[in-house]
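Undergrad: Let me see the structure of the following:
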Amino acid sequence: MTRFTSLDICAGAGGQALGLERAGFDPVMLFDEDPDACATLCANRPAWDVRQLDLVDFVGDEHKKVLGVDLLAGGLPRLPYSIAGKREQVAARSDPLHAAVWLATEVRPRAIMLENVPALVKDDLFAGARSFVEQELKNNDYECAWAVLDAQDHGVPQRRQHGVMVAMCKGDLARFEWPGSTGAPGTVGDVLWASMASRGWTGAAAWRLLANEVAPTIVGGSKNRGGADLGPTGTKRKWAQLGVDGGSIADDVPDADFVMRPSTGPEDRGSLPKLTIPQVAALQGFPADWLVVGRKTSRYRQIGHALPPPLATAIGCAIAKALSR
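TA: Below you'll find the model as predicted:
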């Protein structure tokens with residue numbers, strides 16, 4: 001396999017970097033502003049050059065080895081573009097999208113891949129943001145392609161859409177094709193039932209039959225809201241239909257004494273198993289040996305915000321193919 005170089009910005013827990021590594025991209029540097037995310041990256045890949053830096057403060061010319069990499073890739077903070085963030089307007093100088101595009105024009109990579117919420121790609125509200133990206137990159141001899149990709153089409157057992165922008169020079173982009181679906185993923189029950197049974201819970205086999213769909217979108221939440229849970233009320237109801245209590249994240253899976261009891265009404269959540277951090281990571285497509293560092297809420301948010309590694313691999317392979325021809 002041909003190997004390429006990359007700069008990974010807003011790297012988080014490393015879902016994108018891990019997926020791109022599998023696709024043939026070796027990062028010359030990764031950075032994130034969160035110390036726990038940086039510790040996660042270092043724990044899993046000690047040889048990677050990981051820096052704790054803020055995107056808006058990063059100056060490419062101060063780090064010569066990032067200049068001219070094959071790929072600049074980043075999963076940008078969602079706050080300005082998400083419903084959870086109320087799609088708040090931010091000043092251009094502090095907008096992560098503006099900062100990422102300006103950095104790309106300084107680094108001059110062969111390819112650029114930026115990932116965010118689907119609304120950034122398809123919502124009329126953000127037509128101006130897309131126009132800014134396209135014009136700024138066109139002025140620097142790049143052309144853009146936009147798509148909304150669903151992780152469940154790439155082996156991730158979760159309904160999870162991502163808005164993705166890929167930019168290359170005209171000749172390379174003409175060879176680029178978005179990855180096609182690889183088929184249906186496993187269900188929540190298929191993926192998690194063995195771990196649910198690992199402490200002797202005899203109801204795990206029956207639970208597997210109840211959890212017979214892919215997961216709803218795992219919501220990482222923001223630092224401005226409470227602890228780790230599986231999302232807003234509507235999402236929690238979907239989890240309950242799969243036999244999961246989405247009200248919080250458990251420290252461990254059910255033991256032999258656990259008795260599952262469905263809800264009897266709006267005021268009764270019943271007694272349903274809760275997911276653990278490793279189980280959430282499995283539903284995001286992380287390998288079982290990927291260590292996530294920090295307290296429980298931080299670990300959950302790192303995983304919940306990640307680009308699932310299998311989807312990152314699919315996009316990365318498509319980029320690598322275009323660059324190899």
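Undergrad: Sticking with residue 298, tell me its helix or strand.
TA: In the assignment (DSSP states H and E), residue 298 maps to helix 296-304.
Undergrad: Counting by contacts, list what the helix or strand following that helix packs against.
TA: Per DSSP H and E, helix 296-304 leads on to helix 309-324 as the next helix or strand towards the C-terminus. In terms of contacts (3 or more Cβ pairs under 8 Å, 6 or more residues apart in numbering; DSSP states H and E), helix 309-324 is packed against helix 15-23, strand 111-116, strand 143-150, strand 161-168, helix 170-173. C-beta coordinates here come from the backbone N, C-alpha and C atoms, glycine included.
Undergrad: Take the ones you listed and lay them out in a markdown table including mean pLDDT.
TA: Converted to a markdown table, those look like this (pLDDT from 0 to 100):
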| stretch | mean pLDDT |
| --- | --- |
| helix 15-23 | 98 |
| strand 111-116 | 98 |
| strand 143-150 | 98 |
| strand 161-168 | 98 |
| helix 170-173 | 95 |
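Undergrad: As TSV, the ones you listed with distance to residue 125 would be great.
TA: Formatted as TSV, the helices and strands packed on helix 309-324 follow (distance: least, Cβ to Cβ, whole Å):
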stretch	distance to residue 125
helix 15-23	25
strand 111-116	13
strand 143-150	15
strand 161-168	13
helix 170-173	26
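Undergrad: Would you mark the buried spots in the helix holding residue 298?
TA: Buried residues in helix 296-304, counting neighbours by 16 or more other Cβ atoms under 10 Å, are found at 297, 298, 299, 300, 301, 302, 303, 304.
Undergrad: Apart from its neighbours in sequence, what residue is nearest the third one?
TA: With Cβ to Cβ, 6 or more residues apart in numbering as the criterion, residue 299 has its nearest non-adjacent residue at 4.5 Å, and that residue is residue 292.
Undergrad: which SS state does the one you found fall under?
TA: coil (DSSP: H, G, I helix; E, B strand; the rest coil).
Undergrad: I'd say it and residue 40 touch.
TA: Yes. Contact criterion Cβ atoms under 8 Å: residue 292 and residue 40 qualify, at 5.2 Å.
Undergrad: For residue 253, find the nearest of the helices and strands packed on helix 309-324.
TA: Closest to residue 253 of the helices and strands packed on helix 309-324 is helix 15-23 (Cβ to Cβ; 22.8 Å).
Undergrad: Tell me the strands beside the helix or strand that comes right after that closest one, with direction?
TA: Moving toward the C-terminus from helix 15-23, the next helix or strand (DSSP H and E) is strand 25-32. Sheet pairing of strand 25-32 (DSSP bridges) gives strand 4-9 (parallel), strand 50-52 (parallel).
Undergrad: any weak-confidence spans in the stretch 1-150 of the chain?
TA: Filtered on pLDDT under 70, the stretch 1-150 of the chain yields the residue ranges 79-80, 82-94.
Undergrad: can you tell me which residues contact residue 280?
TA: Residue 280 sits next to 218, 249, 300, 303, 304 when contact means Cβ atoms under 8 Å, 6 or more residues apart in numbering.
Undergrad: one more time with 10 Å, if that's ok
TA: 158, 192, 215, 218, 220, 228, 230, 249, 286, 292, 299-300, 303-304 (Cβ atoms under 10 Å, 6 or more residues apart in numbering).
Undergrad: Okay, and it sits in which element?
TA: Taking DSSP H and E as the criterion, residue 280 maps to helix 277-283.
Undergrad: Output that helix in PDB with nothing but the alpha carbons.
TA: What follows is helix 277-283 as a C-alpha-only set of coordinates in PDB (Å, rounded to 0.1, in the frame of the first residue of the first chain):
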ATOM      1  CA  ILE A 277     -18.100   3.400  27.700                       C
ATOM      2  CA  PRO A 278     -16.500   0.400  25.900                       C
ATOM      3  CA  GLN A 279     -20.000  -0.500  24.500                       C
ATOM      4  CA  VAL A 280     -20.500   3.000  23.200                       C
ATOM      5  CA  ALA A 281     -17.100   2.900  21.600                       C
ATOM      6  CA  ALA A 282     -18.000  -0.400  20.000                       C
ATOM      7  CA  LEU A 283     -21.100   1.200  18.500                       C
END
